[in-house]
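[1] What follows is a predicted structure for the sequence shown.
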There are 2 protein chains.
Amino acid sequence: MATANIKEVARHAGVSVGTVSNVLNRPDSVAPITRERVMTAIQQLGFVRNEAARHLRAGRSRTVGLVVLDVANPYFTDVARGVEELADTHDTMVVLCNSGENPERELRHLAQLEEQRVLGILITPVATDNPHLDRLVERGIPVVLVDRGATAQRCSVAVDDVLGGRLAGAHLAELGHRRLAFVGGPFSIKQVEDRYAGMQAAMAEVADAHITAIERPSLSVAEGSRAGEQIAAMPDADRPTAVFCANDLLAIGLLQEMTRQGIKVPDDIAIVGYDDIGFAAAAAVPLSSVRQPREQLGRAAIELLLDEVENQGVGDGHTHRQVVFEPELIVRESSQASRQA
Amino acid sequence: MATANIKEVARHAGVSVGTVSNVLNRPDSVAPITRERVMTAIQQLGFVRNEAARHLRAGRSRTVGLVVLDVANPYFTDVARGVEELADTHDTMVVLCNSGENPERELRHLAQLEEQRVLGILITPVATDNPHLDRLVERGIPVVLVDRGATAQRCSVAVDDVLGGRLAGAHLAELGHRRLAFVGGPFSIKQVEDRYAGMQAAMAEVADAHITAIERPSLSVAEGSRAGEQIAAMPDADRPTAVFCANDLLAIGLLQEMTRQGIKVPDDIAIVGYDDIGFAAAAAVPLSSVRQPREQLGRAAIELLLDEVENQGVGDGHTHRQVVFEPELIVRESSQASRQA
DNA sequence: CTTGCACTATGAAACGATTCACGTGCTAGT
DNA sequence: ACTAGCACGTGAATCGTTTCATAGTGCAAG
């Protein structure tokens, strides 16, 4: 009933277990006839390697852990896709763990991954400053940070949010907008702050441009609507002609509210979002948005990790790198130049 | 450098390895003083159990595999959340695998999971009829099907799509609609067919109701728009006053196109979608939709699996069950009774 | 005929935790 | 005082694979 093991295969093929192992791992070192015989036995018995035994013997597993804040967020699933894709070509498994922004769950996952002796961990930590991660590194488990808290002490990948904000700002400036708003928050989130800073930097180069910051407690569709109410309530003369939202959910909520209030997008007000989630293109008015190279981010992260694993202590060893990607502005209808212009 | 093992802990604490193991697994069988000593040693050495060794000795791992068609689909991430949640309380890990609707990737994942000697596998298979799954079952690895191809040969969980269609149909009939359309396809997908059948069944009870089926090659936003063009092109007298879409993406595309063409939702045309994805509520006109109990589906699936694992060959053993859940209609603006009615 | 070499195959020793059949030393009961 | 029973601990065997030093074989060169 139980799956056959290497010993039974050896007996069946009339060879030693060492030979079977060689067939599996170094087929060229085995004479073709023997190899055939072993292969046949494997087929007949339906032999399947026991990963636990290999792993025990090898001392480390062939898997990496990927700990994300929210599996339901397309951002992370895209990153995960990038990670998996590249891991696949390196004979490495990816265990996807969801912390759900819960530090306890995150810690439990880290403990589990450590028990599994994973090759390394890719993580977007809940808290920027996580002592458990330091502990892992001390124990020799490489950690690569994804889009959070880059430091010289370890590898990380991230996207330049300041640049993203700058792109959005420059785009709106170029369209002639001078009365602008930024919707986002809380500003304690680094990403939000950076995007705003980028927008400000872009507008600093434009004469008589003015930005109103509308801070909201979270980055959801509902908060976007609320920001929309605020904007709609402004007297026409003061109302911004363009809004940059810290993410697409806000932008979608805002867009909805504008439509509801009879304020035309993009004619009366232009909107630019951030993240370019799938629904940005599918919104009532297709949404301009700043796209992050998500899959590429994932690929880069696992690349850094595998490099660290392979070169740990070898030769010059491994140098921690902080890779920063450039976002890209996708222009759609929501920020098209006014038709009457 | 390498993590300490149980032997070192034993030496450090001045006990045998057996005792350390007992402290770990049956603390009550160890005298308090000894236990303290061992615990201290564990702390000092930063000992972390080696999962591979436990697993090898135990003969089976403590993880289950969850193979889904698309991690980026909120449907599956919700199912996954349900699975994880319950697995957590059973000291079981979940390895989430993404087949991406690719049979090869699916097969690779299954092979990997088998090498890992997982407790069992939860899967939404790419093809309804999958010989590899039978092979797994033969080898004693329980398989539970999620929302696909239920048979008496194994456990499965699913949602009653016929009922879902019926709910949508009955709702529209009750609002007084008699000229309806169904948008979906391809009809070769069982889910689509069932939803349509349910709608038809509901309308069969209504005098002079008529359904136009609009078949589209896939269930995407773009196809929804295209269906919208078709509907907009109909003469006013023939145009349906209500549309039921086989999923929310279609419904969103359709909604957009209606807006673009100046056809008011829900006044001129009512729309009901299926799946109740997050964006259904956030659409320009909040979308009525048939919601599937996704997390519950996941919970039920893992429950069936664990039951099968625990009762395999024990006593009366395990009986395969096919659990079917009932969907729920969420009514929002897109199918509100016309305001002028 | 020996030597050396290239090729193959062998089998025992790891890897680290768990388990279980046995000690060992006490206490309590008679 | 003897022993049954109990509470704790022990340590060797075990899980399935990989690795590596070693051995056997046959062939070509010397």
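    Great, that's in hand.

[2] residue contacts, A:A204?
    Counting by CB atoms under 8 Å, 6 or more residues apart in numbering or on different chains, A:A204 makes contact with nothing. For every residue, glycine as well, the C-beta is placed using N, CA and C.

[3] now the helices for chain A?
    With DSSP state H as the criterion, chain A has helices at A:6-13, A:17-25, A:32-45, A:51-58, A:74-88, A:103-115, A:131-138, A:161-174, A:190-204, A:221-232, A:248-260, A:278-282, A:294-311.

[4] ok, is the first one in contact with DNA strand D or not?
    Yep, that's helix A:6-13 we're talking about. Yes - applying CB under 7 Å from any atom of the strand, one finds helix A:6-13 touching DNA strand D at A:6-7.

[5] tell me the angle of that helix relative to helix A:17-25?
    Angle of helix A:6-13 versus helix A:17-25, following axes from the mean of the first three to the mean of the last three CA atoms, to 10 degrees, is 100 degrees.

[6] Is there a neighbour count for the residue nearest to A:A150 when sequence neighbours are not counted? I'd like the number.
    Distances taken as CB to CB, 6 or more residues apart in numbering or on different chains place A:S156 nearest to A:A150, at 4.0 Å, with adjacent residues excluded. Using other CB atoms under 10 Å in any protein chain shown, A:S156 has 23 other residues around it.

[7] A:S156 against A:V143, yeah?
    No - counting by CB atoms under 8 Å, A:S156 stays clear of A:V143, with 9.2 Å between them.

[8] Tell me who's in contact with A:R49.
    For A:R49, the contacting residues are A:6, A:24, B:115, by CB under 8 Å, 6+ apart.

[9] top of those residues by neighbour count?
    Counting by other CB under 10 Å, top hit in the contacts of A:R49: A:I6 with 19 neighbours.

[10] lowest average confidence, helix or strand, in chain A?
    helix A:278-282 (a mean of 82; mean pLDDT, DSSP states H and E).

[11] name the helices or strands packed onto that helix?
    helix A:248-260, helix B:248-260 (3 or more CB pairs under 8 Å, 6 or more residues apart in numbering or on different chains; DSSP states H and E).

[12] I'd like those helices laid out as JSON lines, including distance to DNA strand D and mean pLDDT.
    Listed next are these as JSON lines, based on distance: least, CB to the nearest atom of the strand, whole Å; pLDDT from 0 to 100:
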{"stretch": "helix A:248-260", "distance to DNA strand D": "47", "mean pLDDT": "91"}
{"stretch": "helix B:248-260", "distance to DNA strand D": "45", "mean pLDDT": "91"}
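
[13] Kindly reformat those helices as a markdown table containing distance to B:Q44 and mean neighbour count.
    Output for those, formatted as a markdown table (distance: least, CB to CB, whole Å; neighbours: other CB atoms under 10 Å in any protein chain shown):
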| stretch | distance to B:Q44 | mean neighbour count |
| --- | --- | --- |
| helix A:248-260 | 48 | 25 |
| helix B:248-260 | 56 | 25 |
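
[14] Dump these into a markdown table; add distance to B:S335 as well.
    Putting the helices and strands packed on helix A:278-282 into a markdown table (distance: least, CB to CB, whole Å) gives the following:
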| stretch | distance to B:S335 |
| --- | --- |
| helix A:248-260 | 18 |
| helix B:248-260 | 10 |
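
[15] can you tell me which residues contact the residue of the stretch 101-250 of chain A found nearest DNA strand D?
    Closest residue of the stretch 101-250 of chain A to DNA strand D, CB to the nearest atom of the strand: A:R117 (13.7 Å). By CB under 8 Å, 6+ apart, A:R117 lies in contact with A:55, A:59-61, B:3, B:50-52.

[16] In this structure A:V126 contacts A:E101, no?
    Yes - checked against CB under 8 Å, the pair A:V126 and A:E101 is within contact range at 5.4 Å.

[17] overlap in contacts of these two?
    In terms of CB under 8 Å, 6+ apart, A:V126 and A:E101 are both contacted by the residues A:L69.

[18] Which one's more surrounded, those two?
    Neighbour count, other CB under 10 Å: between A:V126 and A:E101, A:V126 has more, with 18 against 13.

[19] Chain B versus the more buried one, what's the distance?
    17 Å (CB to the nearest CB, to the nearest Å).

[20] again with A:V48
    A:V48 sits 5 Å away from chain B, going by CB to the nearest CB.

[21] can you count the residues close to A:A127?
    Using other CB under 10 Å, A:A127 has 13 neighbouring residues.

[22] Report the spatially nearest residue to it, omitting neighbours in sequence.
    Nearest to A:A127 is A:P103, by CB to CB, 6+ apart, at 6.4 Å.

[23] and the one you found, how many neighbours?
    13.

[24] how long is stretch A:178-194 end to end?
    End-to-end span of stretch A:178-194 (CA to CA, to the nearest Å): 21 Å.

[25] and A:N25, what is it in contact with?
    For A:N25, no contacting residues are found, by CB under 8 Å, 6+ apart.

[26] Could you do the one 10 residues further on as well?
    By CB under 8 Å, 6+ apart, the contact set of A:R35 is A:23, A:27.

[27] Settle this for me: A:A232 is touching A:I263, isn't it.
    Yes - A:A232 is within contact range of A:I263, at 6.2 Å (criterion: CB under 8 Å).

[28] buried sites along stretch A:191-211?
    Buried positions in stretch A:191-211, judged by neighbour count with 16 or more other CB atoms under 10 Å in any protein chain shown: A:191-196, A:198-200, A:202-203, A:206, A:209, A:211.

[29] can you name the two of those that are farthest apart?
    The most widely separated members of the buried residues of stretch A:191-211, counting by CB to CB, are A:Q191 and A:V206 (23.8 Å).

[30] on that earlier part again, what is the residue nearest to A:A150 paired to in the beta sheet?
    When assigned by DSSP bridges, A:S156 has beta-bridge partners A:L145, A:Q322.

[31] Check it and give its pLDDT.
    For A:S156, the model assigns a pLDDT of 96.

[32] show me the contacts for it.
    Here A:S156 is in contact with A:144-146, A:148-150, A:322-323 (CB under 8 Å, 6+ apart).

[33] so how far is A:R81 from the closest residue to A:E308 other than its chain neighbours?
    Leaving aside its chain neighbours, A:E308 sits nearest to A:P142 (4.2 Å; criterion: CB to CB, 6+ apart). Note on A:P142: its distance to A:R81, by CB to CB, to the nearest Å, is 21 Å.

[34] More neighbours: which of the two?
    Comparing A:P142 with A:R81 by other CB under 10 Å, the one with more neighbours is A:P142, at 23 against 19.

[35] surely the more buried one meets A:I121?
    Yes - look at A:P142 against A:I121 with CB under 8 Å: they come within range, at 7.4 Å.

[36] got any residues that touch both of the two?
    The contact sets of A:P142 and A:I121 overlap at A:L305 (CB under 8 Å, 6+ apart).

[37] Of all the residues in the stretch 151-300 of chain A, which one is nearest DNA strand C?
    For the stretch 151-300 of chain A, CB to the nearest atom of the strand, closest residue to DNA strand C: A:R154, 24.7 Å.

[38] I figured that residue was touching A:R321, is that so?
    No - at 9.5 Å, A:R154 does not count as touching A:R321 under the criterion of CB under 8 Å.

[39] got the residues of the stretch 101-250 of chain A near chain B?
    Counting by CB under 8 Å from any CB of the partner chain, the residues of the stretch 101-250 of chain A lying close to chain B are A:111-112, A:114-117, A:135, A:139-140, A:221, A:249.

[40] rerun that using 10 Å as the cut-off
    By CB under 10 Å from any CB of the partner chain, the residues of the stretch 101-250 of chain A that approach chain B are A:105, A:108-109, A:111-118, A:135, A:138-141, A:220-222, A:224-225, A:249.
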